[in-house]
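Colleague: the sequence and its predicted three-dimensional model are supplied below.
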Amino acid sequence: MHVSLALKKDYFRRLQLLFLPAILVLSLCLSSCTTSTDASAQSPNKQSTSILWDSWGVPHIFAANDEQLFYSFGYAQMQNHADLLLTLYGEARGRAAEYWGASYLGEDEFVRTMGFPEHAQSWYNAQTPAFRRYITAFVAGMNAYAHAHPDQISPQMRVVLPLQVTDVFAHGERVFSDFLLGDCEPVLNTFNVGTSSAGSNGWAIGPAHSASNHAMLLANPHLPWSGETTFFEAQLVSPTTSMYGATLVGFPVLAIAFNNFLSWTHTVNTIDACDAYKLTLSGNGYLFDNTVHTFATQTETLRVKQTDGTLKSQQLTIRHSVHGPVFTFGKGDQTETLAIRMTGVDQFPATGMWQEWWDMGHAQNLSQFQSAVQRLQIPMFTIIYADRDGHVLSLFNGEVPKRPSGDWNYWTSIVPGDTSATLWNSIIPYKDLPKVIDPPSDWVQNSNSPPWYTTFPQTFNPAQYPAYLAPVASMSLREQSGVEMITAQNRLSYEQMVADKFSSHVVLADRLVPDLIAAAHKYGNAQAQQAADVLQAWDRTTDANSKGAALFYVWASTMLHNKTPLFMVPWDPKQPRTTPSGLADPQAAVQVLQDAASTLLSQVGSLDIPWGTAFRVNRGSVNLPASGGPGDPFGIFRALYFASGPNGQYIANSGDSYIAAVEFTNPIQARVLLTYGNSSQPDSPHNGDQLTLYAKNQMRDAWLTQSEIEAHLASRVNLF
């Protein structure tokens, strides 16, 4: 059969790799592992390797060498995320239907069609000898935990064991495919495949704009709170290593981190790294430069677990064109055949991404940091950076195809696949990517808008870059909010930066509510005017106790759903921070306001219900009023996205994830928060525990020294 992509976005995330024969290096530890719950445990000495678990479930790993560090990191991830980790690695193998049933079949078809499993071994082989040892140790640590604590793993997940080194690479590519395939927007839109709510805020403040004259960094990714985008927080220390930060579960290195010299974060950038090519079929092949080409084909056997536990086999025929893997969409006569070409996980495979992140964490200055990132082995993400020397950097990072011609709109549409004129074969080098270092403003930021607005006064001229690199006509309201907070004072203090992070101000309301109130009193009935009075009294935030936010949310959401025009003045690149603005159709907006008021009254009986009554943060045993709301298009810096929950409530399931605020004082000042907690295991006390801080606009001090850690020690595991 041919694979159909009219499935679900879930497997539009898939990735490249395979499964090598199990490489268990349980001899590294296993029988020597001991556990102590003595909170007064002694500091690890230079010859020992220990995990010190603090009271928030964060592992502080002190290792005798880097191999033992990776081993311990794998052990710690399995302790806090065993079920999730095994699920993710099982899916990345393309064998999830074999393990857990037919509902995973589409997932497996995608993984196999993209060729991820078959490439896994070559990715592992491409590592340096040292990094092959590190990945082997990382996997051995995970297997060691599973061997020592089988009772902590759900029975249905144990089928994935033992883990293999290639699982690490398969999982990494699968995660990046989720982001990068999102750039094939025509595929997602045409076939009703959902888009992710992934985003982020990132700030780097230089000494000239800092109240303390020390550089600062704000890291604030916004990702779904489950699955492959779940964060894991840790401290890693060895004779050659000292860094603190977070990574996605299953990654062997920290992806957002700081050390005593520098710090960085990532935001999802507007990179277009994936193109969808429409193929013109001819016989059993396709036309390319007026010649019929034969598809490269292979057949694989998928095994599917039946309800009675038996396995049923079925064949999958995989096709490739000169562009890449081929997919057929639709049914019957209404089909379309597209090929996908994508950097990072298809073309120019990013086999060195783990090494690049690792080397970024070992850099001690800007020059060393740039030496790492110029490899472009991390396939995407803006990099925001600040260091002790006072430098700030914003880099539009990633593997951008070097296309022959065309603009953003052309390449984000389906392009002709019958000509070599549209086939790219190289990427834009590091030196030609948009980057800002120490601008006159002495600050840089990004909230997922194109790179042109990273600082003000603007330092980029989009005309100097390829027209397909990034769109020009957009700066999100959330990013406008961030820039306004950065520039609100001549010098930004650390405390103000932390306070700004928790701002739930609704910029969309600033642009529309004054006109809406006036229109309601002019055109509306009594109920519309009552609603206008509620909006007049509203503080224009989505703080938990804010009254009026729920009414505005229902009104704005209905306007957007109905595709009713919102703005009288569209976004203007000449006024990027103050447009769009004004209400486009006041009478239509008032009618929607009347309907929104009726809806709210019928559902909750009040127009001024506090935001946190209906919108909640709920995980584990924690269920609290939420502050924050949709970052885009509402322009809320404290981004939260919600799904329908019980009793008419909405439960946050995405948005603010890992948060870090770093200032390069001496000693370094750092506060952190992992909103949903550092464990996804169902009975873990750390599944949801940090939501109590998040609901209070609070962050935790990052405990960095042994004395701080021991003062908050919950348990200790001695591994070597």
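Modeller: Here it is on my side, so go on.
Colleague: just the strands in the stretch 351-500 of the chain please.
Modeller: In chain order, the stretch 351-500 of the chain shows strands spanning 382-387, 392-396, 415-416, 435-437, 443-446, with DSSP state E, counting those that start in this stretch as the criterion.
Colleague: so which of the ones you listed is nearest residue 124?
Modeller: Among the strands of the stretch 351-500 of the chain, the nearest to residue 124 by CB to CB is strand 382-387 (25.8 Å). Where you see a C-beta, it was placed from the backbone N, CA and C, and this is true even at glycine.
Colleague: what angle separates the closest one from strand 392-396?
Modeller: When axes from the mean of the first three to the mean of the last three CA atoms, to 10 degrees is applied, the directions of strand 382-387 and strand 392-396 differ by 170 degrees.
Colleague: strand 382-387 pairs with which strands?
Modeller: Using DSSP bridges, the neighbouring strands of strand 382-387 in the sheet come out as strand 262-267 (antiparallel), strand 392-396 (antiparallel).
Colleague: who wins for proximity to residue 674 among these?
Modeller: Of all the strands paired with strand 382-387, strand 262-267 sits nearest to residue 674, with 14.0 Å by CB to CB.
Colleague: list the buried ones in the helix or strand following the closest one?
Modeller: Downstream of strand 262-267, the next assigned helix or strand under DSSP states H and E is strand 274-278. By neighbour count, with 16 or more other CB atoms under 10 Å as the criterion, the buried positions of strand 274-278 are 274, 275, 276, 277, 278.
Colleague: closest to residue 433 out of those?
Modeller: Minimum distance to residue 433 across the buried residues of strand 274-278 is 17.5 Å, recorded for residue 274 (CB to CB).
Colleague: which strand residues bridge the closest one?
Modeller: Here residue 274 sits in beta bridges with residue 342, going by DSSP bridges.
Colleague: residues in contact with it?
Modeller: Residue 274 is in contact with 180, 181, 182, 183, 184, 340, 341, 342, 343, counting by CB atoms under 8 Å, 6 or more residues apart in numbering.
Colleague: that one and residue 121: what is the separation?
Modeller: Here the distance between residue 274 and residue 121 works out to 24 Å (CB to CB, to the nearest Å).
Colleague: do residue 576 as well
Modeller: According to CB to CB, residue 576 and residue 121 sit 48 Å apart.
Colleague: restrict stretch 491-504 to CA atoms and write it as CSV.
Modeller: C-alpha atoms of stretch 491-504 as CSV (Å, rounded to 0.1, in the frame of the first residue of the first chain):
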residue,chain,number,x,y,z
ARG,A,491,17.8,50.4,32.3
LEU,A,492,16.0,47.2,33.1
SER,A,493,16.5,45.6,36.5
TYR,A,494,16.6,41.9,37.2
GLU,A,495,13.6,42.1,39.4
GLN,A,496,11.7,44.0,36.7
MET,A,497,12.7,41.4,34.0
VAL,A,498,11.2,38.7,36.2
ALA,A,499,8.1,40.7,36.8
ASP,A,500,7.7,41.3,33.1
LYS,A,501,7.9,37.6,32.4
PHE,A,502,4.7,37.2,34.3
SER,A,503,2.8,40.0,32.5
SER,A,504,-0.6,38.8,31.2
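Colleague: next, the buried residues of the longest helix anywhere in the chain.
Modeller: Using DSSP state H, we find that the single longest helix of the chain is helix 66-92. Going by neighbour count (16+ other CB under 10 Å), the buried part of helix 66-92 is 66-92.
Colleague: same question for stretch 327-340.
Modeller: Judged by neighbour count using 16+ other CB under 10 Å, the buried positions of stretch 327-340 are 327, 328, 329, 336, 337, 338, 339, 340.
Colleague: surely residue 360 meets residue 366?
Modeller: No. In this structure, residue 360 sits apart from residue 366 without contact. The criterion is CB atoms under 8 Å, and the distance is 11.5 Å.
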